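Chemist: sharing a model prediction with you, sequence too.
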Amino acid sequence: MTGWIDAVIQGVLLGGLYALFAAGLSLMFGVMRLVNLAHGDLIVLAAFAILAVATKLGLDPFVAVLVATPILFVLGFALQHVLLNRTLGRDLLPPLLVTFGLSIIIQNGLLQTFSADSQRLRSGPIETASIPLGGGIAVGVVPLLTMLSAIAVIVLLNFIFYRTPVGRAFRATSDDLEVAQLMGVDHRRIFAVAMGLAFVVIGIAALYLGLRANFDPTIGPARLLYAFEAVIIGGLGSFWGTLAGGIVLGLAQTIGARIDPEWQILAGHLAFLAVLVVRPRGLFPRAQD
């Protein structure tokens, strides 16, 4: 029985990581209706950026991500403003093709720069520290911080989306772009700000990816898959739904691994398919068109 309780706890905490993977993707879709096939590779790129900052400046990864965050925001803003805004329209194919090409460029660029060797962010004793809960069950400090960070990110995104002027612009362009333009909203700038904000979330996700596991330039597509599944399980454009989707996916994987270690990844995919059958629009959908 203890083993099952531990599997549930670890599944919920793993869901926090998947929610961080998915939050930026959910923001992109919620504001721009952009399906970003390079999202997983951008997370890996951010992890390498944090690694480079931490290594060159001798900083702890938690400090390095603070240094990298403004850089990531500017990079996201520029990417959307210069490139991706040109692809957005009624046809969904151009952004898919462009982000797919961007994914290939990022992977090959990272391979040339950092080689195919696995890397990891090092933060000292906190990596292995745990909090005992009794009964032979313990919670790792880093997984717990991951979940707390995921909740904080979701709360912050909801605050920005529903309580700030830029959030009103986000919702206006998302709900009816033509009316928003008639009201004087510069949708291209709003889209660029949204992408910059998504890159900040990507940086936080990259921090915990690098602290919890090894990473290399080729693992981006798998992170993209987990992010897609968490977003779709939770409901397109719903931030709290994204957190719920990540938890469902994490629980499915850890419970599947408890039954048979070979079932871990498959169990997550089966949970994703089961939710699609029962709730095709996800658990908490926001987008209605």
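Modeler: On my side now, so go ahead.
Chemist: for the rest of this, base every contact and every neighbour count on C-alpha atoms.
Modeler: OK.
Chemist: can you confirm Ala116 is in a strand?
Modeler: No. With DSSP: H, G, I helix; E, B strand; the rest coil as the criterion, Ala116 is coil rather than part of a strand.
Chemist: in contact with it, which residues?
Modeler: Asp216, Pro217, Thr218 (C-alpha atoms under 8 Å, 6 or more residues apart in numbering).
Chemist: how about the last one: what's its closest non-neighbour residue?
Modeler: When you say that, I think you mean Thr218. Gln107 (6.2 Å; C-alpha to C-alpha, 6 or more residues apart in numbering).
Chemist: and that neighbour, how far from His81?
Modeler: Computed as C-alpha to C-alpha, to the nearest Å, the Gln107 to His81 distance reads 22 Å.
Chemist: and the helix or strand where Ala64 lies, what's its mean pLDDT?
Modeler: Counting by DSSP states H and E, the element that carries Ala64 is helix 61-82. For helix 61-82, the per-residue pLDDT values average out at 94.
Chemist: that helix: how far from the chain's middle?
Modeler: Put simply, helix 61-82 sits 15 Å off its chain's centre (C-alpha atoms, centre = their mean, to the nearest Å).
Chemist: buried residues in that helix, which are they?
Modeler: Neighbour-count burial for helix 61-82, counted by 16 or more other C-alpha atoms under 10 Å, picks out 61-62, 64-65, 68-78, 80-81.
Chemist: return that helix as PDB; C-alpha atoms alone will do.
Modeler: What follows is helix 61-82, C-alpha atoms only, in PDB (Å, rounded to 0.1, in the frame of the first residue of the first chain):
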ATOM      1  CA  PRO A  61      21.200  27.400 -11.700                       C
ATOM      2  CA  PHE A  62      18.500  29.200  -9.600                       C
ATOM      3  CA  VAL A  63      20.500  32.400 -10.000                       C
ATOM      4  CA  ALA A  64      21.400  31.700 -13.600                       C
ATOM      5  CA  VAL A  65      17.800  31.400 -14.600                       C
ATOM      6  CA  LEU A  66      17.200  34.900 -13.200                       C
ATOM      7  CA  VAL A  67      20.000  36.200 -15.400                       C
ATOM      8  CA  ALA A  68      18.700  34.300 -18.400                       C
ATOM      9  CA  THR A  69      15.100  35.400 -18.000                       C
ATOM     10  CA  PRO A  70      15.400  38.900 -19.600                       C
ATOM     11  CA  ILE A  71      17.400  37.400 -22.400                       C
ATOM     12  CA  LEU A  72      14.700  34.800 -23.000                       C
ATOM     13  CA  PHE A  73      11.900  37.400 -23.000                       C
ATOM     14  CA  VAL A  74      13.800  39.500 -25.600                       C
ATOM     15  CA  LEU A  75      14.500  36.400 -27.700                       C
ATOM     16  CA  GLY A  76      10.800  35.400 -27.600                       C
ATOM     17  CA  PHE A  77       9.600  38.900 -28.400                       C
ATOM     18  CA  ALA A  78      12.000  39.200 -31.300                       C
ATOM     19  CA  LEU A  79      11.200  35.700 -32.700                       C
ATOM     20  CA  GLN A  80       7.500  36.500 -32.700                       C
ATOM     21  CA  HIS A  81       7.900  40.100 -34.000                       C
ATOM     22  CA  VAL A  82      10.400  39.300 -36.800                       C
END
